[in-house]
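Chemist: sequence and predicted structure are below.
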Number of protein chains: 4
Amino acid sequence: MKKVREECGVFGIWGAKKKDAARLTYYALFALQHRGQESCGIAVCKTAEKGEKLKSHRAVGLVPEVFTAEQLEKLGNAQCAVGHVRYSAAGSGDVEYAQPLVVRHMQGSMAVAHNGNIANARALRRHFEENGGIFHGTSDAEVISYAVIQARREAGTLERAVEQAMYKLERAYSLVILSPEKLIAVRDPNGFRPLCMGKMADGAVVFASESCALDSVGAEFIRDVKPGEIVVASDEGITSIETHCGGKGTLCVFEFVYFARPDSVIEDASVHEARQRAGAYLALEHPIQADVVIGVPDSGLDAALGYARQSGIPYGVGFIKNRYIGRSFIQPTENQRKDTVQIKLSVIKSVVDGKRVIIIDDSIVRGTTSARIVRLLREAGAKSVHLLVSSPPFRYPCYFGTDIDSREHLIAHRLSSEEEIAKEIGVDSLGYLSVDNVVKIAKNANCGFCSGCFTGEYPIPVLQETER
Amino acid sequence: MKKVREECGVFGIWGAKKKDAARLTYYALFALQHRGQESCGIAVCKTAEKGEKLKSHRAVGLVPEVFTAEQLEKLGNAQCAVGHVRYSAAGSGDVEYAQPLVVRHMQGSMAVAHNGNIANARALRRHFEENGGIFHGTSDAEVISYAVIQARREAGTLERAVEQAMYKLERAYSLVILSPEKLIAVRDPNGFRPLCMGKMADGAVVFASESCALDSVGAEFIRDVKPGEIVVASDEGITSIETHCGGKGTLCVFEFVYFARPDSVIEDASVHEARQRAGAYLALEHPIQADVVIGVPDSGLDAALGYARQSGIPYGVGFIKNRYIGRSFIQPTENQRKDTVQIKLSVIKSVVDGKRVIIIDDSIVRGTTSARIVRLLREAGAKSVHLLVSSPPFRYPCYFGTDIDSREHLIAHRLSSEEEIAKEIGVDSLGYLSVDNVVKIAKNANCGFCSGCFTGEYPIPVLQETER
Amino acid sequence: MKKVREECGVFGIWGAKKKDAARLTYYALFALQHRGQESCGIAVCKTAEKGEKLKSHRAVGLVPEVFTAEQLEKLGNAQCAVGHVRYSAAGSGDVEYAQPLVVRHMQGSMAVAHNGNIANARALRRHFEENGGIFHGTSDAEVISYAVIQARREAGTLERAVEQAMYKLERAYSLVILSPEKLIAVRDPNGFRPLCMGKMADGAVVFASESCALDSVGAEFIRDVKPGEIVVASDEGITSIETHCGGKGTLCVFEFVYFARPDSVIEDASVHEARQRAGAYLALEHPIQADVVIGVPDSGLDAALGYARQSGIPYGVGFIKNRYIGRSFIQPTENQRKDTVQIKLSVIKSVVDGKRVIIIDDSIVRGTTSARIVRLLREAGAKSVHLLVSSPPFRYPCYFGTDIDSREHLIAHRLSSEEEIAKEIGVDSLGYLSVDNVVKIAKNANCGFCSGCFTGEYPIPVLQETER
Amino acid sequence: MKKVREECGVFGIWGAKKKDAARLTYYALFALQHRGQESCGIAVCKTAEKGEKLKSHRAVGLVPEVFTAEQLEKLGNAQCAVGHVRYSAAGSGDVEYAQPLVVRHMQGSMAVAHNGNIANARALRRHFEENGGIFHGTSDAEVISYAVIQARREAGTLERAVEQAMYKLERAYSLVILSPEKLIAVRDPNGFRPLCMGKMADGAVVFASESCALDSVGAEFIRDVKPGEIVVASDEGITSIETHCGGKGTLCVFEFVYFARPDSVIEDASVHEARQRAGAYLALEHPIQADVVIGVPDSGLDAALGYARQSGIPYGVGFIKNRYIGRSFIQPTENQRKDTVQIKLSVIKSVVDGKRVIIIDDSIVRGTTSARIVRLLREAGAKSVHLLVSSPPFRYPCYFGTDIDSREHLIAHRLSSEEEIAKEIGVDSLGYLSVDNVVKIAKNANCGFCSGCFTGEYPIPVLQETER
């Protein structure tokens, strides 16, 4: 089931007095698992003394698979840690892409965990190679490390090196960087990807891609890291460098539509509420006479509830999603009787039989999954099926850390009108949320939004050679 | 999170012309996975010729873990198969308990998959042992096998042996039995556990604990196996022995409340609808002034929707359940800062903050999980919390295949009034669905119900020495 | 590299005061690993009290693979145990064949570990099935268990039940049987397979297929169990039933030629010495003018040394055997450049180049491996190659627990003269040890020998329907 | 059983026309497994075209464990490859140390496999770090890669970059380096570690640490790579850079004593013969009246044979070594009855009972293993035990790629006389091979030897800060 994908989640903690930083990071990554299911890793700093060697473990797999009790034990009792979860893309399931990346440099060692996409990674890599640098992989984290460490030679501190490196690194990036002496959290000047900070009862400072990870470790939410801000946590306390700050930011609107967990709060806006509001806007934009509104699990459920409340049409639970599918699940092959959609998603016949049904999904990529879902509903007796999408159609690439399908596969690029799309998918009618409204769903959010994948208009100039 | 547990799910198929019986059973067991997550197994009959040796594989783990592509390959191209999933109880995670049990006997071989609880298993085992029988384990399936094979010496056919054995076997049991010549499905005369039959497009006959497994293999639902009925599928067609039939049956009402999957239909009643109706009855029995109704995922959601519709109070999504917990997840130990409930279940603050909240759960066992959930809601700002339960209080043991906690742990047994329970759990009010109404939730169902765990009144006399 | 195979090794211990019976059995099985590499298992009795349930674990794999520290821990602190290793035959790598077999019966439970082959297993199984018995597998251990437990109904004790069962069980068998009250060791009246007993410093009694296992746990060798003897170890001490004793026994001579470990002593004869003596007899029977005598590792080395000493021709180390091959080693396929023999065995060129070489192997089955070894020697420059075999040619089946290849594959059955065999293998000359001398190699051994696989004359009548 | 350890083995192949380079490397590494059992890896170049990305896999474990059929498949059909096996040292069992190291640089990518020890690695690392370089680990291979790639900026070709880097890299190193355009083999100017080249029937060029790896892939031995030589294999043929050549070399003499496989030929001398000659020299230096000479398996066997032949005292097989010990074997803990030596090594009583025994081992490190072996012999009845060692006593560190124990643990450092050592070990007499003779054991070898670990006199000045 092809989806648009977030590229990662990060977490960092400094000063866990009970020395359970590794275990807390484990629970935090578990809460961030929805942001990346391919690989994960944790790097710890035990004594927080200069010259200490960071310990780390990273591997392909889900958090509970990679970190067994024994493996977690090996990381030891540590006060500080950073962690990372990585998304799943075909063919890149290699441990070499797993983060945090741990490197040794002149001043000691450093662990880097990155969420985003360095637009000029290729040019920077070429630049470092021309100076005799060698690369072990193709991850942005390695390019970022080089940029920071090169700057470190002139800069007096690691955070000043980060400040300098930011002049070179084209966004998008939300980073946590751990050294034996401090934990640094950085968000690019546009703030494309979220990053927030919190505090534990024992005074430990934590950073996370989403506030749900703060909740999972019992930390109190303090605030979002500002676009362009460098926050430094050390035994001396918390300081901030705001050289690169100033703009209001252009957060990826898809964080609200699909990526983030509903219980997270980003830029003071509830993700769950944003999705309900998306549904309410859909009801206003696309009023339909129907008997029941159902969401495609899981991300369409909130918008369906919002549509139902706004429209007065009953909200129904139309699908059961099988939760037991894991990496080893044997997909049906083409010449078999079943397809994966059907095995993963079952229709509750009594909810749709003989009814006019509105289904709400968060997005359409290729359209093939939607078509199969619609067929399931019709087979279960739905009299008519109307598909509403709680975001505008994808028509353009994302250069800032989202993995959308290649353009020629996008149904909204391939077909020119909503009527054609509706016909191919097999629905009675089709409606998207408008670009005007999608940026309004996060009520009172303290930021602007990037909606370049819908409009082709990006908040910063896009490099031709960007690696995506 | 201590729950009442179903003891198993079974599936059988005869006559898959494409010889994909093993793979179809894989998908069917995957659909029945909610009925048992401890172990699973498949036995196949390749050629369906007399004297053929059945092949089987069973192991501890989820269906996609136990059956890799390689393992499924080893079972080969078969036209007939039976499968089984087993529930998870502490300490019994042993492959020796996994089913189907495959045994050799005088006439050939036989595979048995069982859902239920043989009340007089201990007495029967003693009887067979006195005749020199040996047992490899303590499963009911082995006792059933002995009973059938002992009867087989006199009976002309396997189904007649089953018919005779039924005079000895105290219910509850829903069975599928595979021999190289036929597939037999049996339901005890009370029909405590569900069992239905369906047909594939190529004529293959299938049996399953729930209709959702029929859907998952693309089979058409035909009908439920009747209480007491023995259905025989072979290359000669389908025949039925109704010697033990007659009663209307007393299906376990908890199949509708919690065990079965919402998209299943049992005795012509939709499980999803039954749960919604339970919620509606709760609204009638326990009218409360509140701002939002939320269900405890996943089994409380349908009842919450039913309550909301009946009462007019808005339905809300109050919890996010983390789906990535697997068998290897490291549970927080006692002296750590977090508990498992909190890691598995997150509250969406914006939904409950400042509100009067009704939460609906399907049952309360010990009450400790409920207490934690309530604390989470209060920490998130709920002004008041009312807990409604879509079934009556558990006060008595079940002898028919359900694993309820031991009696002294049951909160409704320990405390004498709902006020005391409410106080211990920490809610403003507490309400259970009445016994009168719980048996009405499955509208138009073609059967009676057993509600012995609520009332202590059982449909058949209970043996003192029953093994549970 | 097709070899004749031993069918199993057994071990038992009673009364380990330090409660380390599981761990001692682990080390003993490790010492017996050469007798079976397919699967292994341990069953323990913790408290040695009537009614106790035996605990066990068995699986496919080598001893250190199957028994991890965690798995051994699970068996707990036990005073008594039995263990088993099983040989590797194509296609039977199934955990259901692993022993010890643990069964429950009227009087409690029992674990059985068996080395040998029950000649009338099929008839006995049919007999028990006719009385309504069911079988989970096709192992001899299950048939033995039935025979013993059926007899147990009349017999007053387990050992008397064994005594009765021995009238029914056609040899060959060397057994250890553990109940919560006693440990029983049994050897069939011919004593086809070895079985000895020893004592630990703390008084614990141990039984093992070979004395090397006694050494590995630090036990003192006491004596061999006599052919036909039933030895019972319990907290009351050691007793013996000799009803079935009397004959001198007919030990499988191949135990001395190949199966047993060189450091074992069987029937008072050293296995290592027997192999050297086999080499010396070869020197007397087949005097050859040569420059060096080399053994095919590992089992041919001792005989080569014996030949060298008798003949005066220098003993050389001509082959290096790669020790790292495990179950997962990727065998070269046919159209590749290498064969397995070549990868497993390397010639030391300087030892054979330009020389007349005598190589000594313990047996020839199909002859293909020998042919490849000879080719390796010629490629390394050997001027001439003479192959001597420290046993007579295999011409007949074994019915007593040895897995020889099927008759049509045996080169000595296929070809009628030693000249033809020599030609096919590609050697300048070929010599076998005579039947007259092979039974003399174990100097002063207290037993007679079975050499039926060489002569077709068996010590007891052979059943036509014997399962092998 | 603490041993002196070789640090690695390397292999490279260019131009395998059948595109089976990955599989051939698998077999070659399997033949080199004795040089390193901790981790292993293979990097392949598929098309041998400029700009191609090298594919690689490396992990902790033995060759057959790390490279499953599936994993080998993933590397694909390749014409060129390099491989590496790494030794096992406590605590460093981390995949990050596994080689070949694959890096990207300005001109493309490169895989490096290294055997040896870069004496000035720390200084070089500091130098590169000062220029802003970052390191992922602490392996010499990463330092070598930096040195080569830094030089590559000025040098016109990769081999010229290697030539320049050699001015910076302090020996010892034997390297194979793979780029998409060529395969380079390098040996340091002293030739501390062996490296030879061969040719396949299809013209493919191969390099290996030992000739036994050439044999295992069916390659013909051509010659050793000269000390200081850079050999380049490409589609244009083979070329050689001899700028750093000239010296006769100082091969580590321990390659002949212990490290190399007996069937290997190094610098035209047979390893097996060298060991036999070591035994013969021992017989001349230490004539003893005894009844049997036995070797400690496996590396003492050849020297024992040499002693026996020279002295006329019979050669005996005194020990059986259990081959089934793997990484997961559970070692006996201290308070248990057994020690590992006893479990791994069994004495054949009949060979030593009542006899005056000479045992020969290749070296003594701490002396504890020797003491246990001697005790085993005495318990088996040896009348007297004389221990001869086929090398001189270890008294000094090795800086050139051998992992000797830390100096304070060395028995020959701790105790000042052979009498004291003999007493501690418990032998009647003790004798070492003299330094004068150990360098003569490889008859006619075309090289000088380093015997610094015995004498403290090293062939090149030793850096104080050398990392070992």
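Modeler: Done, it's in.
Chemist: looking at chain A, which helix or strand is least sure?
Modeler: strand A:5-6 (a mean of 66; mean pLDDT, DSSP states H and E).
Chemist: what residues does the residue of the stretch 351-468 of chain A found nearest chain B make contact with?
Modeler: Using C-beta to the nearest C-beta, the closest approach of the stretch 351-468 of chain A to chain B is made by A:V351 at 6.6 Å. For the C-beta atoms, the positions are set from N, CA and C on the backbone; glycine is no exception. Residues in contact with A:V351 (C-beta atoms under 8 Å, 6 or more residues apart in numbering or on different chains) are A:292, A:294, A:316-318, B:272.
Chemist: now intersect the residues you listed with the strands, please.
Modeler: A:292, A:294, A:316 (DSSP state E).
Chemist: who wins for most neighbours among those?
Modeler: Greatest neighbour count in the ones in strands among the contacts of A:V351, by other C-beta atoms under 10 Å in any protein chain shown, goes to A:I294: 27 neighbours.
Chemist: grab the nearest non-local neighbour of that one.
Modeler: A:G318 (3.3 Å; C-beta to C-beta, 6 or more residues apart in numbering or on different chains).
Chemist: same check, this time on A:L284
Modeler: A:Q310 (6.7 Å).
Chemist: and A:P314, by the same measure?
Modeler: Nearest to A:P314 is A:V292, by C-beta to C-beta, 6+ apart, at 5.5 Å.
Chemist: quick one: residues contacting the one you found.
Modeler: Contacts of A:V292 (C-beta under 8 Å, 6+ apart): A:313-316, A:318, A:351-352, A:355-358.
Chemist: what about it, distance to chain B?
Modeler: Distance from A:V292 to chain B, counting by C-beta to the nearest C-beta, to the nearest Å: 11 Å.
Chemist: that residue and A:V351, how far apart?
Modeler: 6 Å (C-beta to C-beta, to the nearest Å).
Chemist: same check, this time on A:T138
Modeler: 47 Å.
Chemist: elements contacting the longest strand seen in chain A?
Modeler: Longest strand of chain A, by residue count under DSSP E: strand A:108-116. In terms of contact count using 3 or more C-beta pairs under 8 Å, 6 or more residues apart in numbering or on different chains; DSSP states H and E, strand A:108-116 is assigned the packing partners strand A:8-14, strand A:39-45, strand A:80-86, strand A:101-105, helix A:140-152, strand A:173-178.
Chemist: can you tell me which of these is most buried?
Modeler: Most buried of the helices and strands packed on strand A:108-116, by mean neighbour count (mean count of other C-beta atoms under 10 Å in any protein chain shown): strand A:80-86, with a mean of 32.
Chemist: how about the CA coordinates for that strand, as PDB?
Modeler: Taking C-alpha atoms only, strand A:80-86 is exported to PDB below (Å, rounded to 0.1, in the frame of the first residue of the first chain):
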ATOM      1  CA  CYS A  80      22.900  11.000  27.800                       C
ATOM      2  CA  ALA A  81      21.700   9.600  24.500                       C
ATOM      3  CA  VAL A  82      20.400  10.300  21.000                       C
ATOM      4  CA  GLY A  83      18.200   8.000  19.000                       C
ATOM      5  CA  HIS A  84      16.800   7.700  15.500                       C
ATOM      6  CA  VAL A  85      14.200   5.800  13.500                       C
ATOM      7  CA  ARG A  86      14.400   5.600   9.700                       C
END
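Chemist: spell out which parts of chain A neighbour chain D.
Modeler: Contact residues, chain A versus chain D (C-beta under 8 Å from any C-beta of the partner chain): A:95, A:101-106, A:125-126, A:129-138, A:142, A:145-146, A:149-150, A:152-153.
Chemist: rerun at 6 Å
Modeler: Selection of chain A residues close to chain D by C-beta under 6 Å from any C-beta of the partner chain yields A:103-106, A:129-130, A:132, A:134-136, A:145, A:149-150, A:153.
Chemist: let me know the closest of the residues you listed to chain C.
Modeler: Using C-beta to the nearest C-beta, the residues of chain A next to chain D come closest to chain C at A:H136, 28.1 Å.
Chemist: ok, the closest one - contacts?
Modeler: Counting by C-beta atoms under 6 Å, 6 or more residues apart in numbering or on different chains, A:H136 makes contact with D:103, D:136.
Chemist: check which helix or strand covers the residue of the stretch 351-468 of chain A closest to chain B.
Modeler: Assigned by DSSP states H and E, A:V351 belongs to helix A:349-352.
Chemist: average pLDDT for that helix?
Modeler: The average pLDDT within helix A:349-352 is 96.
Chemist: ok, back up a step: check which residues of the longest strand of chain A are buried.
Modeler: A:108-116 (16 or more other C-beta atoms under 10 Å in any protein chain shown).
Chemist: what helices or strands is the strand or helix carrying A:Y27 leaning on?
Modeler: Following DSSP H and E, one finds A:Y27 within helix A:21-31. Packing contacts for helix A:21-31, counted by 3 or more C-beta pairs under 6 Å, 6 or more residues apart in numbering or on different chains; DSSP states H and E, involve strand A:8-14, strand A:39-45, strand A:80-86, helix A:211-216.
Chemist: now stretch A:184-198, how far from the centre of its chain.
Modeler: 13 Å (C-alpha atoms, centre = their mean, to the nearest Å).
Chemist: in the one helix or strand A:R275 maps to, which residues are buried?
Modeler: Assessed by DSSP H and E, A:R275 sits inside helix A:271-285. By neighbour count on 16+ other C-beta under 10 Å, the buried set for helix A:271-285 is A:271-283.
Chemist: same thing with stretch A:18-32?
Modeler: Applying 16+ other C-beta under 10 Å to stretch A:18-32 flags A:20-32 as buried.
Chemist: let me have those in a markdown table, extended by pLDDT.
Modeler: Output for the buried residues of stretch A:18-32, formatted as a markdown table (pLDDT from 0 to 100):
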| residue | pLDDT |
| --- | --- |
| A:D20 | 93 |
| A:A21 | 96 |
| A:A22 | 96 |
| A:R23 | 94 |
| A:L24 | 95 |
| A:T25 | 97 |
| A:Y26 | 96 |
| A:Y27 | 95 |
| A:A28 | 96 |
| A:L29 | 97 |
| A:F30 | 95 |
| A:A31 | 96 |
| A:L32 | 96 |
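Chemist: let's have those residues in a markdown table, adding distance to A:F394.
Modeler: As requested, the buried residues of stretch A:18-32 are exported to a markdown table (distance: C-beta to C-beta, whole Å):
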| residue | distance to A:F394 |
| --- | --- |
| A:D20 | 42 |
| A:A21 | 39 |
| A:A22 | 39 |
| A:R23 | 39 |
| A:L24 | 37 |
| A:T25 | 34 |
| A:Y26 | 35 |
| A:Y27 | 34 |
| A:A28 | 31 |
| A:L29 | 29 |
| A:F30 | 30 |
| A:A31 | 28 |
| A:L32 | 24 |
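Chemist: report the two of those residues separated the most.
Modeler: A:D20 and A:L32 (17.9 Å; C-beta to C-beta).
Chemist: now A:K46. Nearest residue, chain neighbours left out?
Modeler: Nearest to A:K46 is A:A78, by C-beta to C-beta, 6+ apart, at 4.6 Å.
Chemist: check contacts around the residue lying farthest from the centre of chain A.
Modeler: What lies farthest from the middle of chain A is A:G354; by C-alpha atoms, centre = their mean that is 38.5 Å. A:G354 sits next to A:381, A:383 when contact means C-beta under 6 Å, 6+ apart.
Chemist: follow-up on the earlier one: partners of the longest strand of chain A in the sheet?
Modeler: Strand A:108-116 pairs in its sheet with strand A:101-105 (antiparallel), strand A:173-178 (antiparallel), by DSSP bridges.
Chemist: which of those comes out lowest on mean pLDDT?
Modeler: strand A:101-105 (a mean of 94).
Chemist: what bridges to A:F221?
Modeler: Under the criterion used (DSSP bridges), A:F221 bridges to A:G198.
Chemist: hmm, it is touching A:C212, no?
Modeler: No. Using C-beta atoms under 6 Å, A:F221 makes no contact with A:C212, being 10.2 Å away.
Chemist: the two - which one has more neighbours?
Modeler: For A:F221 and A:C212, the more surrounded residue by other C-beta under 10 Å is A:C212, and the numbers stand at 24 against 18.
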